[in-house]
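Chemist: Structure, please.
(one chain, ligands or ions: 1)
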Amino acid sequence: MAAKRIVTIDGPSGAGKSTISRLLAARLGYAYLDTGAMYRAVGFKIEQTGANCDDRQALGRLLDSMDLRFKAVGGETRVILDQEDVSEAIRTPAMSMMASRVSAIPVVREKLTFMQREIGGRGGVVAEGRDMGTVVFPEAAWKFFLDATPEERSRRRVLQLKEQGRPVDEKETLAQIIERDRADSSRALAPLQPAPDAVIIDSSQMTIDEVVAFMAARIARA
Ligand code: DC
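Modeler: A predicted model of the protein is given here:
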């Protein structure tokens with residue numbers, strides 16, 4: 001398969017993927033696809049409706065009836081679920097755990113993988129998630145795996161939550177990051193892991209600008 005103009009950025013939570021993907025997409029003039037937001041929206045929907053996660057058929061129907069879109073509003077991408085803007089509601093620590101839980105359900109992964117290929121399959125996209133380079137876009141021209149130590153990722157997440165004026169428990173944040181990594185890496189389907197041809201970047205000691213510049217240089221060189 002010919003390599004497409006697709007950049008994949010996978011990695012654990014809090015490694016800086018979202019900010020870096022957004023900046024890199026703007027720099028390249030590509031669209032930005034936040035696939036974590038899609039798992040979060042599904043988790044939100046399942047929680048809201050009290051759907052039974054073990055009932056595959058009912059879940060399939062729920063997913064088919066769901067209207068999930070990204071909408072550009074003043075340079076920002078908002079997540080719209082069934083006409084409701086859920087951009088903030090899906091970002092709570094509870095929704096992070098919920099998203100991780102529902103992301104292990106086969107019918108959820110099938111549906112979202114299909115949607116992600118529809119959105120990004122033609123290329124000109126920076127796709128961010130856990131399985132972009134391994135499962136969703138194995139034909140991507142450029143693949144990165146962005147990592148950082150759990151302590152550094154937890155420190156960044158605490159800072160981000162504080163900036164948003166949300167209550168933060170530092171010990172709990174680190175514990176949740178470690179637990180979510182464990183769940184995301186050990187699930188049977190599309191686990192979090194670098195694609196064999198991904199460039200692995202440890203961002204623990206790097207600034208956001210340094211990571212973006214490094215990625216842009218790799219892409220320009222290829
Ligand atoms: O990137 P994020 O924190 O918004 O992702 C939330 C959860 O969604 C994450 O814990 C695992 C899941 N996820 C996934 O399984 N595959 C993706 N491509 C993106 C996210």
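Chemist: Flag every residue of this structure that's near the ligand.
Modeler: 13, 35-36, 39-40, 96, 99-100, 103, 129-131, 180, 184 (C-beta under 6 Å from any ligand atom). In this view, the C-beta of every residue, glycine as well, is placed from N, C-alpha and C.
Chemist: remind me, longest helix of the protein?
Modeler: Among the segments of the chain that qualify as a helix by DSSP state H, the longest is helix 170-186.
Chemist: thinking again about what came up before, what about the residues of the chain next to the ligand, which one has the most neighbours?
Modeler: Per-residue neighbour counts (other C-beta atoms under 10 Å) across the residues of the chain next to the ligand peak at Gly129, which has 28 neighbours.
Chemist: what sits against that one?
Modeler: Listed by C-beta atoms under 8 Å, 6 or more residues apart in numbering, the contact set of Gly129 reads 8-10, 34-36, 116, 136.
Chemist: so how far is Glu172 from it?
Modeler: Using C-beta to C-beta, to the nearest Å, Gly129 is found at 24 Å from Glu172.
Chemist: what do you get for Ser96?
Modeler: Going from Ser96 to Glu172 by C-beta to C-beta gives 12 Å.
Chemist: Adding pLDDT as columns, could you present the contacts of Gly129 in TSV?
Modeler: Output for these, formatted as TSV (pLDDT from 0 to 100):
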residue	pLDDT
Thr8	98
Ile9	98
Asp10	98
Asp34	97
Thr35	98
Gly36	97
Gln116	98
Val136	98
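Chemist: Identify those among these that sit within helices.
Modeler: Among these, DSSP H puts 35-36, 116 in helices.
Chemist: Skipping its backbone neighbours, what lies nearest Asp181 in space?
Modeler: Closest residue in space to Asp181, ignoring its immediate chain neighbours: Pro12 at 4.8 Å, by C-beta to C-beta, 6 or more residues apart in numbering.
Chemist: give me phi/psi at Thr149?
Modeler: Torsion angles at Thr149 (phi, psi; degrees, to the nearest 10) stand at phi -60, psi 150.
Chemist: Just give the number of residues close to it.
Modeler: 13.
Chemist: pLDDT weak spots in the chain?
Modeler: Within the chain, the stretches with pLDDT under 70 are 1-3.
Chemist: For Pro12, see how far away the residue nearest to Asp184 when sequence neighbours are not counted is.
Modeler: Nearest residue to Asp184, sequence neighbours excluded (C-beta to C-beta, 6+ apart): Leu192, at 4.2 Å. Distance of Leu192 to Pro12, given as C-beta to C-beta: 6 Å.
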